[in-house]
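Asker: Model the structure of this input:
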Amino acid sequence: MVRFKKSLAGLALLAAAFAAPQAGAECHGLNLLDLMPAAKREAITASADAQPFPRGNFWQAERDGDRITLIGTYHLDDPRHAATVDRFAPEIAAATTLLVEAGPEEEKALQQHIGRDPSVMVITDGPMLNQILKPETWDHLAEAARARGVPPFMAAKFRPWYITVLLAVPPCAIEAMADPNGLDQRLIDSAAASGIPVRALEPYDTVFSIFGAMSEADQIAMIEQTLAMEDSITDFSETLADAYFDGDGRLMWELMRHMSYDAPGYTREQVDAEMAVLEELLMNSRNRAWIPVIEEAAAQGPVVAAFGALHLSGEEGVLNLLQRNGWTVTPLTEAQ
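Answerer: As a prediction, the model looks like this:
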């Protein structure tokens, strides 16, 4: 099992980064970076800029006549996505394939899997969360779940990782989760309108493998850390969206790192070591698995690959991996 003994604050924030939607009309968050002293913002920016390809959501890679259009996505709904879809509709219409993290077939397979085996998401045997958690933690969790429209008796049955993802959604935005319309889905719709096939970059059950690598103790600690940031989750959501639409996706990873530095009892070395483990588990290992899928598709003709923007940057990010394989990688203009 993967062990995360110290920087679970970073893991909780990471759950928020992947799951928390942009605060909509009912949500009014603040940008956490704007609230920081200038020196701290500069340190976070410097950490981001030290990584390969830290900025930019849209890229093109070319090698021996093959071409890949790469779109770093923000998974949840935002009206600003319309400009991006318009910007890349011609590339999608001219592509042989649109590659995404999970396409319609994978979504269907995931739902069928859950129907066959609900235990992947809910506790079907043994003690439930209200029996596992400390009483004060359970009381806090029950209140947070109730604020999101989930009765405590139901929340008690959720797997720890799943309740953490739920808690990463601000109460004011929970209804938006019922009808997700993020950039990924909009691009899939664009491909369907042009008759372009959609393929997945990875198996539908990847999410179960990711969280299956964590022990129950680590998942419980993740709940505790996510609850600790309950009062700032709307602000974090706002900060995430602002960073994405500014083309500064890597900034969010480094913000998580520096917030973890401030957690009591953690050394910078411990945080850095465990953030490296998290990056390997949640991003790098997947990035490496995606490269042959992308390259094989590109060998058949122009391809568009769309996936979470955090996967673009870093030593083991998709862009750097492609460059190591001989691809020429160039930025494309941001959608207006």
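Asker: pretty sure His28 contacts Thr234?
Answerer: Yes. If you go by CB atoms under 8 Å, His28 and Thr234 touch, sitting 7.5 Å apart. C-beta: built from backbone N, CA, C; applies to glycine.
Asker: what about these two, which has more around it?
Answerer: Thr234 (21 against 11; other CB atoms under 10 Å).
Asker: wait, what's in contact with that one?
Answerer: 23, 27-29, 170, 172-173 (CB atoms under 8 Å, 6 or more residues apart in numbering).
Asker: element containing it, please.
Answerer: For Thr234, the host element (DSSP states H and E) is helix 233-245.
Asker: What helix or strand is Gly29 located in?
Answerer: Using DSSP H and E, no helix or strand contains Gly29.
Asker: That one: neighbouring residues, count only.
Answerer: With other CB under 10 Å as criterion, Gly29 counts 22.
Asker: Check Glu296 too.
Answerer: The number of residues packed near Glu296 is 11, by other CB under 10 Å.
Asker: Next one, pLDDT for it please.
Answerer: Per-residue pLDDT puts Glu296 at 97.
Asker: quick one: it and Gln51, what's the gap?
Answerer: The spacing between Glu296 and Gln51, counted by CB to CB, to the nearest Å, is 27 Å.
Asker: what's the answer for Gln185, then?
Answerer: For Gln185, the distance to Gln51 - CB to CB - is 28 Å.
Asker: Likewise for Arg116?
Answerer: For Arg116, the distance to Gln51 - CB to CB - is 41 Å.
Asker: before we move on, the earlier item: could you point out which element follows the helix holding Thr234?
Answerer: Using DSSP H and E, the first helix or strand after helix 233-245 is helix 249-261.
Asker: In contact with Ala305, which residues?
Answerer: 68-71, 98-100, 201, 290, 294, 297, 318.
Asker: Any idea which helix or strand in this protein has the lowest mean pLDDT?
Answerer: helix 8-19 (a mean of 48; mean pLDDT, DSSP states H and E).
Asker: what residues does the next helix or strand after it touch?
Answerer: Using DSSP H and E, the next helix or strand after helix 8-19 towards the C-terminus is helix 32-35. Contact partners of helix 32-35, identified using CB under 8 Å, 6+ apart, comprise 41, 44, 232, 235-236, 238-239, 242-243, 251, 255.
Asker: Also stretch 124-142?
Answerer: Residues contacting stretch 124-142 (CB under 8 Å, 6+ apart): 118-119, 123, 152, 155-158, 160, 163, 167, 216, 220, 223-224, 227, 230.
Asker: when you check these against the helices, which ones overlap?
Answerer: 152, 155, 160, 163, 167, 216, 220, 223-224, 227 (DSSP state H).
Asker: which one of those has the most neighbours?
Answerer: Leu167 (29 neighbours).
Asker: Which positions in stretch 245-259 come out as buried?
Answerer: Across stretch 245-259, burial judged by 16 or more other CB atoms under 10 Å covers 245, 247-259.
Asker: Go ahead and produce PDB holding the CA coordinates of that stretch.
Answerer: Provided in PDB are the C-alpha atoms of stretch 245-259 (Å, rounded to 0.1, in the frame of the first residue of the first chain):
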ATOM      1  CA  PHE A 245      -8.400  30.100 -17.500                       C
ATOM      2  CA  ASP A 246      -5.200  32.200 -17.000                       C
ATOM      3  CA  GLY A 247      -3.300  29.200 -18.500                       C
ATOM      4  CA  ASP A 248      -1.500  28.600 -15.200                       C
ATOM      5  CA  GLY A 249      -2.500  25.000 -14.400                       C
ATOM      6  CA  ARG A 250       0.900  24.100 -12.800                       C
ATOM      7  CA  LEU A 251       0.300  27.000 -10.300                       C
ATOM      8  CA  MET A 252      -2.400  25.000  -8.600                       C
ATOM      9  CA  TRP A 253      -0.100  22.000  -7.900                       C
ATOM     10  CA  GLU A 254       2.500  24.300  -6.400                       C
ATOM     11  CA  LEU A 255      -0.200  26.200  -4.400                       C
ATOM     12  CA  MET A 256      -1.100  22.800  -2.800                       C
ATOM     13  CA  ARG A 257       2.500  22.200  -2.000                       C
ATOM     14  CA  HIS A 258       3.000  25.500  -0.300                       C
ATOM     15  CA  MET A 259      -0.200  25.200   1.700                       C
END
